[in-house]
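1. Sequence below, structure please.
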Amino acid sequence: MDYHLLFQPFALGLELGLFLAALALWRVVRLKLEFGRFKQHLSDRLELESGSANKIKREMEALRRENEQLRIRVAGFNGMPEGRLQQDLEVFARAEKRMLVNVPGFAPAWENAKAVAQAELAEEDAGRSLPKRVFSRLFGSGSPKEALPAPPTDT
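-> Presented below is the predicted three-dimensional model:
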């Protein structure tokens, strides 16, 4: 075999060029594989983020609907002129004030105080009560005996 042809200047240039071409080709193939891996990673990440974004949008929409429903319910509750619960609370507060004055027998005094308080509320709702009397009873100006009528005496 004649090896001296391999060491000719043309052959050395050709060998060097083929070696560099092989290195460049190997580098291009490796970069294409890496780009493919990056593209796959990017598409996986985009799928996960879009799924998360869709889930967050659905949750936000559900929370908006729930918020709107609660806002409507609160507005409905606030729009009621005088709720039954508030009126009952007022009746019980006035009855309690009367009980402090009429302590001797609890049950009859409680029922009487409740009936009187309900009658007073009915008069106030009908507009037959003076504002001064209402404020003195609600805010308790003066002593409790001044705000309430005199207790009935059993003789």
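2. can I get the CA coordinates of stretch 114-126 in CSV?
-> Output in CSV follows, covering the C-alpha atoms of stretch 114-126 (Å, rounded to 0.1, in the frame of the first residue of the first chain):
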residue,chain,number,x,y,z
LYS,A,114,-94.4,40.9,75.6
ALA,A,115,-98.0,41.8,74.8
VAL,A,116,-97.5,45.4,75.8
ALA,A,117,-94.3,45.6,73.7
GLN,A,118,-96.0,44.2,70.7
ALA,A,119,-98.9,46.7,71.0
GLU,A,120,-96.4,49.5,71.3
LEU,A,121,-94.6,48.4,68.1
ALA,A,122,-97.9,48.1,66.3
GLU,A,123,-98.7,51.7,67.4
GLU,A,124,-95.3,52.9,66.2
ASP,A,125,-95.7,51.1,62.9
ALA,A,126,-99.1,52.8,62.5
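3. Give the buried residues for it.
-> K114, V116, A117, Q118, E120, L121, E124 (16 or more other CB atoms under 10 Å). Glycine gets a C-beta too; all of them are placed from N, C-alpha and C.
4. So for the one helix or strand S43 maps to, mean pLDDT?
-> Assigned by DSSP states H and E, S43 belongs to helix 9-79. Mean per-residue pLDDT for helix 9-79: 92.
5. And the next helix or strand past that helix?
-> Sequence order places helix 84-101 as the next helix or strand after helix 9-79, per DSSP H and E.
6. can you pull the buried residues of that following helix?
-> Within helix 84-101, the residues that qualify as buried are E90, V91, R94, A95, K97, R98, counting by 16+ other CB under 10 Å.
7. dump the residue contacts of the closest residue to E96 other than its chain neighbours.
-> In space, and not counting its chain neighbours, E96 is closest to A113: 7.8 Å by CB to CB, 6 or more residues apart in numbering. For A113, the contacting residues are R94, A95, E96, K97, R98, M99, N102, by CB atoms under 8 Å, 6 or more residues apart in numbering.
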